[in-house]
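# heads up, no residue letters with this:
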Ligand code: MRU
């Protein structure tokens, strides 16, 4: 593949600036944790597993020159985005490692752990793809939302990894991808990854999904997740809940694909998930140009929660879970 998302080399993290894709492929290289924190906030780096992996490298870099920075960096990175649990999973895992042994408080040890977390995600993506593809027996038309590919993870992706595997196994007929307002992760990023992988597809506006289902043009919906709680309720990109309701009405299977690190066993139900609200300019402007009056009121949640009862199965690297959800 002629693009990558995150690469750690020569004591620096290089990432592709996703805010500029697909028109400009620009990479940023840094060894500053603060630059990585800003990249996560600005969505230059985005997607639940990817922000966790980047935060791991950021924490390792924070001790490169002085270990006094570790806890400041930890707190700073925690403030970047609230919804995806992968971020907190990685930060807390690295903090635990740092605190359990003085020998763990140096840059090489922390970097090894960050690399291990990255490599684990690569393997988990492969397993999700394999487990997910087994659910499909014949040529299928998939609807997906947001971006769940290489750009959102350390590996081939979650929902997108399944799409790739179906394509490889010649079980994929077509992909419809929602544009995913307001930041167009589907229009800009999923279309980019589908094209790079030569997968037949069309991008639709988010509001076209129900019409496609009614026309029997969708066999299954597969989406990713930012946080899956104990009862299976799932936070994902805003609009996912509408897709799940529409899929249930049309009796179309609705699958969520995510690594085990996206499961948050601390929360019992979806009401406990903090949903990030983002700036109103994400809606009122496109590329810095206002498309509405600048002073209108806007409500801009980045995610919503799909109740477990609308989810046909949760496809993880460990196995495929069916309701009632119990993550063992
Ligand atoms: O706001 P984003 O672009 O970080 O939102 C990403 C999503 O909602 C993805 O669907 C989710 O993180 C799963 S990525 C494998």
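Alright, I've got the coordinates. Since we're looking at a predicted model, the values are computed, not measured. Residues are numbered from 1 along each chain as shown.
# Near residue 217, how many other residues are there?
15 (other Cβ atoms under 10 Å). Glycine gets a C-beta too; all of them are placed from N, C-alpha and C.
# so it, which of the three states?
For residue 217, the assignment made with DSSP: H, G, I helix; E, B strand; the rest coil gives coil.
# so what's the residue in the stretch 151-300 of the chain positioned nearest to the ligand up against?
Distances between the stretch 151-300 of the chain and the ligand by Cβ to the nearest ligand atom are smallest at residue 224, namely 2.8 Å. Residue 224 is in contact with 47-48, 146, 148, 152, 157-160, 236-237, 256-258, counting by Cβ atoms under 8 Å, 6 or more residues apart in numbering.
# Below-threshold pLDDT in the stretch 51-200 of the chain: ranges please.
Within the stretch 51-200 of the chain, the stretches with pLDDT under 70 are 67.
# Residue numbers of it in contact with the ligand?
With Cβ under 6 Å from any ligand atom as the criterion, the stretch 51-200 of the chain comes near the ligand at residues 84, 146, 148, 152-153, 158, 185.
# Mind putting those into a markdown table with distance to residue 7?
Output for those, formatted as a markdown table (distance: Cβ to Cβ, whole Å):
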| residue | distance to residue 7 |
| --- | --- |
| 84 | 21 |
| 146 | 23 |
| 148 | 20 |
| 152 | 16 |
| 153 | 14 |
| 158 | 20 |
| 185 | 21 |
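# May I ask which of the residues you listed has the most neighbours?
residue 148 (35 neighbours).
# what sits against that residue?
47, 157-161, 190, 223-224, 257.
# next one: residue 88
residue 78.
# how would you label it: helix, strand or coil?
Secondary structure for residue 88, judged by three-state DSSP, is helix.
# How much space separates it from residue 268?
17 Å (Cβ to Cβ, to the nearest Å).
# can you check residue 227 too?
Distance from residue 227 to residue 268, by Cβ to Cβ: 13 Å.
# between those two, who's got more neighbours?
For residue 227 versus residue 268, neighbours defined as other Cβ under 10 Å are more numerous around residue 227 (29 against 12).
# which other helices and strands contact the strand or helix carrying residue 202?
Assigned by DSSP states H and E, residue 202 belongs to strand 201-204. Secondary-structure packing of strand 201-204 (3 or more Cβ pairs under 8 Å, 6 or more residues apart in numbering; DSSP states H and E): strand 172-178, helix 191-196.
# So which of those is nearest residue 244?
strand 172-178 (12.6 Å; Cβ to Cβ).
# So which bits of that closest one are buried?
172, 174-178 (16 or more other Cβ atoms under 10 Å).
# Pipe those into TSV and attach distance to residue 200 per row.
Listed next are those as TSV, based on distance: Cβ to Cβ, whole Å:
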residue	distance to residue 200
172	8
174	5
175	7
176	10
177	11
178	17
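# which one of the residues you listed is nearest residue 296?
residue 178 (24.0 Å).
# Helices of this protein, start to end?
Using DSSP state H, the helices of the chain run over 33-42, 48-62, 70-78, 85-100, 107-133, 159-168, 191-196, 209-214, 240-249, 281-284.
# Tell me which two in the buried residues of strand 172-178 are the farthest apart.
Distances among those were taken as Cβ to Cβ; the most separated pair is 172 and 178, at 17.4 Å.
# close enough to count as contact, residue 49 and residue 156?
No - Residue 49 is not in contact with residue 156 according to Cβ atoms under 8 Å; the separation is 11.2 Å.
# which one of these two has more residues nearby?
Between residue 49 and residue 156, counting by other Cβ under 10 Å, residue 49 is the more crowded of the two (33 against 22).
# could you list every residue that touches the residue nearest to the spatial centre of the chain?
Against the mean C-alpha coordinate of the chain, by Cα atoms, centre = their mean, the closest residue is residue 47 at 2.9 Å. Contacts for residue 47 (Cβ under 8 Å, 6+ apart) come out as 147-148, 151-153, 224.
# where does it sit relative to residue 94, distance-wise?
Distance of residue 47 to residue 94, computed by Cβ to Cβ: 19 Å.
# again with residue 106
Taking Cβ to Cβ, one finds residue 106 at 13 Å from residue 94.
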